[in-house]
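>>> Next comes the sequence, and after it the predicted model I'd like to discuss.
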Amino acid sequence: MSANGTDNSTSKKPPSPSPLRFSKFFQSNMRILVTGGAGFIGSHLVDKLMENEKNEVIVVDNYFTGTKDNLKKWIGHPRFELIRHDVTEPLLIEVDQIYHLACPASPIFYKYNPVKTIKTNVIGTLNMLGLAKRVGARILLTSTSEVYGDPLEHPQTENYWGNVNPIGMFFDIEKEFFALSILSPESKYPNDLVTHAAGVRSCYDEGKRVAETLMFDYHRQHGIEIRIARIFNTYGPRMNIDDGRVVSNFIAQALRNEPLTVQLPGTQTRSFCYVSDMVDGLIRLMEGENTGPINIGNPGEFTMLELAESVKELINPEVKISMVENTPDDPRQRKPDITKAKEVLGWEPKVKLRDGLPLMEEDFRQRLGVPKKN
Ligand SMILES: NC(=O)c1ccc[n+]([C@@H]2O[C@H](COP(=O)([O-])OP(=O)(O)OC[C@H]3O[C@@H](n4cnc5c(N)ncnc54)[C@H](O)[C@@H]3O)[C@@H](O)[C@H]2O)c1
Ligand SMILES: O=C(O)[C@H]1O[C@H](OP(=O)(O)OP(=O)(O)OC[C@H]2O[C@@H](n3ccc(=O)[nH]c3=O)[C@H](O)[C@@H]2O)[C@H](O)[C@@H](O)[C@@H]1O
């Protein structure tokens, strides 16, 4: 309280860094929290952070889409700690940096329980910001290219405000008919597609937009050190095999000799970033001076048909490609403008799609027990 009795909590004075930074025993150590660290990107980030012997890493995860398996090489390591915890509940620990990744990322999973997805993005981010404020930690949010929605600008720069549908329903007659027919009990579509389509994307993209707002409000109001990464489609080893995202679907289908399911029209585009490039970008952002938001992704742009053709050529030339119905709200094109990442982080991706796919194939072959024919 100030002398006149008013609450000073809105002052812009930055909090002091965690006392751990000055403590005798932890002098050279950085204590780093990774929420969602048992997931795909999180576990690769943990591997990289653990390479630095001065880092202690704490992972918090509720295992909704992640697994302890992804972290098994670190369990029991003296610089590593794994906590089962849901970020929608407050967390009281002492850390210097927070990489806040916790949130299901595959559309099938984030649509599964949309209210929970919103809570994870909003309450989860609030809790992590509260933690950052209490201990003076720097916090990085993994936001998404989905904040641009179905973008009307191409490629997307960070200045673009997006084209997002807040309620995820269609007003286009033709599309509305499609959405309703997909959802009706007499639907000709299979059950899994109905379940997938029954959700809309707004819980995720609007959830991440609010999370970004919260980050900036805490920064402006409380002086918290923030970093925001807008991640574009990332792929690599350890993705869930039945995760539902396009690269994992196609690779698993090619290895099982099942048709590659290209969702209509097949001309929609995405830009795919290999996970080691992503982790490098996230660490540079955390360590650098720029708050972001910064696009981190690979600007190489492919239609889903082109992706299917590449998977067919590289992994199984015999496999068929089958065109299937799409789900509502699917963005038609997506490609990051990474000028800012190049300028302020000195970062750009190194791994081309054609080099990354075989690395992922190797991991999927091992997990599916499908050896490579000579
Ligand atoms: N992979 C991508 O292409 C991509 C693109 C854009 C943004 N992102 C973002 O990056 C982050 C990681 O994505 P990913 O691909 O590794 O996804 P993932 O689903 O593999 O990992 C998410 C992790 O968060 C955990 N989690 C979910 N809800 C939680 C909760 N309430 N409390 C605690 N833990 C919870 C999951 O169990 C999982 O381990 C997410 O925030 C996602 O939105 C990913
Ligand atoms: O990068 C991002 O910002 C977002 O990208 C993905 O969302 P999305 O691009 O919809 O990812 P996929 O489910 O992999 O779909 C990509 C495209 O492939 C198509 N697809 C998907 C699956 C499939 O079997 N076949 C197929 O053609 C979809 O219609 C879509 O056009 C992620 O899963 C989000 O978490 C992330 O935030």
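Received, thanks. Residues are numbered from 1 along each chain as shown. Ligands and ions are numbered 1, 2, ... in the order given.
>>> mind listing the strands in the chain by residue range?
30-35, 55-61, 80-84, 97-100, 138-144, 226-231, 234-235, 260-263, 269-271, 273-274, 294-296, 301-303, 321-324 (DSSP state E).
>>> Up against ligand 2, what does the stretch 51-200 of the chain have?
Selection of the stretch 51-200 of the chain residues close to ligand 2 by Cβ under 6 Å from any ligand atom yields 105-107, 144-146. Any C-beta I mention is one placed from the backbone N, CA and C, and that applies to glycine too.
>>> right, and the pair among the residues you listed with maximum separation?
The largest distance within these, taken as Cβ to Cβ, falls between 106 and 145 and amounts to 14.4 Å.
>>> Looking at those two, which one has more neighbours?
Using other Cβ atoms under 10 Å as the criterion, residue 106 and residue 145 rank with residue 145 on top: 24 against 20.
>>> Kindly report the residues of the stretch 1-150 of the chain close to ligand 1.
Checking the stretch 1-150 of the chain against ligand 1 by Cβ under 6 Å from any ligand atom, the hits are 35-36, 38-42, 61-66, 86-88, 101-105, 120, 124, 142, 144.
>>> so who does residue 264 touch?
Applying Cβ atoms under 8 Å, 6 or more residues apart in numbering, one finds that residue 264 lies in contact with 323-326.
>>> Then residue 56?
29-32, 79-81.
>>> ok, back up a step: just the buried residues of the residues of the stretch 1-150 of the chain next to ligand 1.
Buried by 16 or more other Cβ atoms under 10 Å: 35-36, 38-42, 61-62, 64-66, 86-88, 101-105, 120, 124, 142, 144, out of these.
>>> Residues of the stretch 251-374 of the chain that sit close to ligand 2?
Residues of the stretch 251-374 of the chain lying near ligand 2 (Cβ under 6 Å from any ligand atom): 261-263, 268, 270, 304, 326, 330.
>>> Out of those residues, flag the one nearest to ligand 1.
residue 270 (9.2 Å; Cβ to the nearest ligand atom).
>>> For the closest one, name its beta-bridge partners.
Beta-bridge pairing for residue 270 (DSSP bridges): residue 302.
>>> what's the neighbour count on it?
Applying other Cβ under 10 Å, we find 23 residues neighbouring residue 270.
>>> can you check residue 81 too?
16.
>>> Do I have it right that it meets residue 60?
No - under the criterion of Cβ atoms under 8 Å, residue 81 is not in contact with residue 60, lying 9.3 Å apart.
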